[in-house]
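>>> Next comes the sequence, and after it the predicted model I'd like to discuss.
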Amino acid sequence: MARREEEILELDPTRCFGCAACVSLCPVDALELEDLLVIIDEPSCTHCELCIPSCPVSALYFEKVSVIPQ
């Protein structure tokens, strides 16, 4: 899956309970666990989507971002 610049990977912190299932699957180490909450290094994320189905509480999702033309 190619990185989509119009979207970013987001985390719902009210759902995440720190199981780290997504962290262990990330092939580029864009996710890390800090104080039982997943932290996303979005610029490192390749949008491979391996983490999303691994989350037992559906805390990870893609959010569209508005792109401002230059």
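The structure has been received and is ready for your questions.
>>> Helices of this structure, residue ranges please.
Taking DSSP state H to define them, one finds helices in the chain at 21-25, 51-54.
>>> would you turn those into JSON lines with distance to residue 33, mean neighbour count and mean pLDDT?
Heads up, the C-betas are built off the backbone N, CA and C, glycines and all. Below are the helices of the chain laid out as JSON lines (distance: least, Cβ to Cβ, whole Å; neighbours: other Cβ atoms under 10 Å; pLDDT from 0 to 100):
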{"stretch": "helix 21-25", "distance to residue 33": "5", "mean neighbour count": "17", "mean pLDDT": "96"}
{"stretch": "helix 51-54", "distance to residue 33": "12", "mean neighbour count": "17", "mean pLDDT": "96"}
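>>> Strands of this protein, start to end?
With DSSP state E, the ranges of strands along the chain come out as 7-11, 31-34, 37-40, 60-64.
>>> which residues of the chain score low on pLDDT?
Within the chain, the stretches with pLDDT under 70 are 1, 67-70.
>>> which residue is nearest the centroid of it?
residue 9 (4.2 Å; Cα atoms, centre = their mean).
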